[in-house]
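In: I need the structure of the sequence given here:
(2 chains)
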Amino acid sequence: MSGAEYLLFILMLSIFLGFELINKVPATLHTPLMSGANAISGITVVGAVALAGTGNENVAMWLGVGAVTLASINVVGGYMVTDRMLGFFKKKED
Amino acid sequence: MTTELMTQLGYVLAAGLFIFGLKMLGSPATARRGNMISSIGMLVAIVSALLDQGIVDFTYIAVGMVVGGAIGAIAARAVAMTAMPEMVALFNGFGGAASLLVGWAALSPDSGTFTLVTIVLSILIGGMTLTGSLVAYGKLSETIGSGAITFSGQQIVNSLVVLGIVGGAVMFCMNPTDPNWLYMVIGLALVFGIMAVIPIGGADMPVVISLLNSYSGLAACAAGFAINNNALIVAGSLVGASGIILTQIMCKAMNRSLSNVLFSGFASVSTEETVVEGEIKPISVEDAYYVLEAATNVAIIPGYGMAVAQAQHVVKELTELLENNGCEVNFGIHPVAGRMPGHMNVLLAEADVPYDQLLEMDEINPRMEMVDVAIVIGANDVVNPAAREVESSPIYGMPVINVADARTVFVLKRSMASGFAGIENPLFYKDNTRMLFGDAKESIGGLIREFS
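Out: From the prediction side, this is the model:
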């Protein structure tokens, strides 16, 4: 198995897994879930670095650099703000 | 071991960490560690990607990461919790834009048809996510009007844009060397994002940002196909699934279908007149205090108005005074209270309200009959009994928090203006309802002074 079928296979499995996981997140955590999802969608940085590091200063490289920058905002900002929010959630002490 | 294999194994590990991190988000007690684990997954993925032997020059990668990281860090520290919806909207847009750029940069003269289709998809979804999110950001931060923008012929214009996108996309896949088709698709995708979000009114924003959240993941997923990268596909589809689930929850909480939210503004139906009987009964802070002082069970139902009045900290203070007085206090939180899913919970958590006191609608409703006083702070549509009683009401059928079942209801409200959706609220005229007019923060401050 190679190429497109293999990628589609992975897509199918991760969509099902995603539904299962996210359905278990309680409503009280939906805002951190969304900002955490922002951070994870910054995964594009992984694809962008290969495009930004080719060394030939052409259009494709500059597009890659732009993508690295934007995705880094999401990764760093997303994880940090989620951590900040989750720090607020405390159980009642008694 | 070749570096290629190491990169791939790194992605597998990263995907595992993302999944484990999301699983830990299932409980507030483990959520923070889950987020940490997810971020370690991201670090592993990035390091693995940097092993790629095609990378010969790290300068611009470093520049991009440092600049982007710094912007993200500053924004994450500075943002006020009331402004979280805007920030998430903006981040959705960045995610979309990044995928657009990756899809575009992945284009090479020897791309096959499958790759070309995925490139078009990542450009399309990424582009509309970018501009749609910017419009949503504008509406949420009120830099542009938050109302629905509609004009005659809108449907026709939208149809033409969609036709243009489809036509341009097909032509691009057949002639990938002609950049004009590509530019056409990019341009129209950006236009489409704007057109899709402007007709949606402010009250429906929780649905829109959930949906755009999902699109930002799907765009990453499409980009993953374009550059043949598993990590993007797995992470992108997790985010896509998350956004779709939140969108469903929001729609269900408003008793509306997704297409109804996307294609019709609330304004068109809210013209119907509801005849409300009864009279408004105001109450003074002093009288409200006497009622609260005698109460043993109080439920607080917050809405976005609480956030606008910045009243969450005084609410917490009042909660403590009531508890010291031997009273049980709970919060009833409607899924669409606030401007994004779970917004109220974060605002109250920031004010040190423990999360086990924050009850979901389905938990608080059965208890409402035992409640002595239900205090509604800055909420309106989510406690509107018309949703259960008035069949002609535009919100009829929407699940609401049944505050009228409580012995007494206090509604804290600035004036008699109707809610975000512009619908008359019969709750204000019920026999057991008392209106405490004025700024919520000041009214609660007054109650606190009476207690001490």
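In: and the residue most central in space within chain A, which of the three is it?
Out: In chain A, the C-alpha closest to the average C-alpha coordinate belongs to A:Ile40, at a distance of 1.4 Å (Cα atoms, centre = their mean). Secondary structure for A:Ile40, judged by DSSP: H, G, I helix; E, B strand; the rest coil, is helix.
In: confidence score at it?
Out: pLDDT, the model's per-residue confidence, is 96 for A:Ile40.
In: B:Asp381 touches B:Gly202, doesn't it?
Out: No. Under the criterion of Cβ atoms under 8 Å, B:Asp381 makes no contact with B:Gly202, lying 11.9 Å away. The way it works is simple: take the backbone N, C-alpha and C, and place the C-beta from them, glycine included.
In: Which one of these two is surrounded by more residues?
Out: When B:Asp381 and B:Gly202 are compared on other Cβ atoms under 10 Å in any protein chain shown, the one with more neighbours turns out to be B:Asp381, at 25 against 18.
In: tally of neighbours for the residue of the stretch 101-250 of chain B found nearest chain A?
Out: Residue nearest to chain A within the stretch 101-250 of chain B: B:Ala241 (2.9 Å; Cβ to the nearest Cβ). Burial of B:Ala241 is recorded as 25 neighbouring residues (other Cβ under 10 Å).
In: show me the contacts for it.
Out: Residues near B:Ala241 by Cβ atoms under 8 Å, 6 or more residues apart in numbering or on different chains: A:14-15, A:17-19, A:21-22, B:214, B:217.
In: does the residue positioned nearest the centre of chain B sit in a helix, a strand or a coil?
Out: Nearest to the mean C-alpha position of chain B, counting by Cα atoms, centre = their mean, stands B:Met340 at 2.9 Å. Applying three-state DSSP to B:Met340 yields a three-state assignment of coil.
In: where's the nearest residue to it once chain neighbours are set aside, which helix or strand?
Out: On the basis of Cβ to Cβ, 6 or more residues apart in numbering or on different chains, the spatially nearest residue to B:Met340 that is not a chain neighbour turns out to be B:Pro85, at 4.1 Å. Under the criterion of DSSP states H and E, B:Pro85 resides in helix B:84-105.
In: and after that helix, which helix or strand comes next?
Out: With DSSP H and E setting the assignment, the helix or strand that follows helix B:84-105 is helix B:113-140.
In: Report the angle between that next one and helix B:84-105.
Out: Orientation check (axes from the mean of the first three to the mean of the last three Cα atoms, to 10 degrees): helix B:113-140 against helix B:84-105 gives 160 degrees.
In: before we move on, back to that, now the helix holding B:Pro85: mean pLDDT?
Out: 95.
In: So which elements touch the worst-scoring helix or strand of chain A on mean pLDDT?
Out: Lowest by mean pLDDT, DSSP states H and E among the helices and strands of chain A is helix A:3-23, with a mean of 90. Using 3 or more Cβ pairs under 8 Å, 6 or more residues apart in numbering or on different chains; DSSP states H and E as the contact criterion, the secondary-structure elements in contact with helix A:3-23 are helix B:3-24, helix B:205-226, helix B:230-253.
In: Point to the helix or strand of chain B where mean pLDDT is at its lowest.
Out: Among the helical and strand segments of chain B, the one scoring lowest on mean pLDDT, DSSP H and E is helix B:258-263, with a mean of 80.
In: Would you mark the buried spots in it?
Out: Judged by neighbour count (16 or more other Cβ atoms under 10 Å in any protein chain shown), helix B:258-263 contains these buried residues: B:261-262.
In: Kindly export it (C-alpha atoms) in PDB.
Out: Taking C-alpha atoms only, helix B:258-263 is exported to PDB below (Å, rounded to 0.1, in the frame of the first residue of the first chain):
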ATOM      1  CA  LEU B 258     -26.300  24.400  10.400                       C
ATOM      2  CA  SER B 259     -27.700  25.500   7.100                       C
ATOM      3  CA  ASN B 260     -30.200  27.700   8.900                       C
ATOM      4  CA  VAL B 261     -27.400  29.500  10.800                       C
ATOM      5  CA  LEU B 262     -25.300  29.900   7.600                       C
ATOM      6  CA  PHE B 263     -27.900  31.000   5.200                       C
END
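In: Mind listing residues that contact it?
Out: Here helix B:258-263 makes contact (Cβ under 8 Å, 6+ apart) with B:196, B:199-200, B:204, B:207-208, B:211, B:247-248, B:251, B:254.
In: Could you point out the helix or strand that follows that helix?
Out: By DSSP H and E, the next helix or strand past helix B:258-263 is helix B:285-294.
In: Show me how far that next one is from its chain's centre.
Out: Remark: helix B:285-294 is offset 36 Å from the chain centroid, using Cα atoms, centre = their mean, to the nearest Å.
In: again, but for stretch B:239-251
Out: Between the centre of stretch B:239-251 and the centre of its chain there are 10 Å (Cα atoms, centre = their mean).
In: do the same with stretch A:7-25
Out: For stretch A:7-25, the distance between its averaged C-alpha position and the chain's averaged C-alpha position is 14 Å (Cα atoms, centre = their mean).
In: Over to stretch B:206-224?
Out: Between the centre of stretch B:206-224 and the centre of its chain there are 12 Å (Cα atoms, centre = their mean).
In: does chain A sit close to that stretch?
Out: Yes. With Cβ under 8 Å from any Cβ of the partner chain as the criterion, chain A is reached by stretch B:206-224 at B:209-210, B:213, B:216-217, B:219-221, B:223-224.
In: max-length helix in chain A?
Out: Under DSSP state H, the helix in chain A containing the largest number of residues is helix A:59-86.
In: Between helix B:84-105 and it, find me the angle.
Out: With the same axes, to 10 degrees as the criterion, the two stretches helix A:59-86 and helix B:84-105 enclose an angle of 160 degrees.
In: average pLDDT across helix A:59-86?
Out: The predicted model assigns helix A:59-86 a mean pLDDT of 96.
In: Show me what it is packed against.
Out: Under the contact criterion of 3+ Cβ pairs under 8 Å, 6+ apart, the helices and strands touching helix A:59-86 comprise helix A:30-41, helix A:44-52, helix B:31-50, helix B:59-78, helix B:84-105, helix B:343-350.
In: Could you export the residues of stretch B:206-224 next to chain A as CSV, including neighbour count and distance to B:Gly21?
Out: Formatted as CSV, the entries for the residues of stretch B:206-224 next to chain A read as follows, by neighbours: other Cβ atoms under 10 Å in any protein chain shown; distance: Cβ to Cβ, whole Å:
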residue, neighbour count, distance to B:Gly21
B:Ile209, 30, 22
B:Ser210, 27, 20
B:Asn213, 31, 17
B:Ser216, 35, 18
B:Gly217, 33, 15
B:Ala219, 35, 21
B:Ala220, 39, 17
B:Cys221, 31, 18
B:Ala223, 35, 22
B:Gly224, 30, 19
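In: need those in a markdown table with pLDDT, can you?
Out: Output for those, formatted as a markdown table (pLDDT from 0 to 100):
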| residue | pLDDT |
| --- | --- |
| B:Ile209 | 92 |
| B:Ser210 | 94 |
| B:Asn213 | 94 |
| B:Ser216 | 95 |
| B:Gly217 | 95 |
| B:Ala219 | 96 |
| B:Ala220 | 95 |
| B:Cys221 | 95 |
| B:Ala223 | 95 |
| B:Gly224 | 94 |
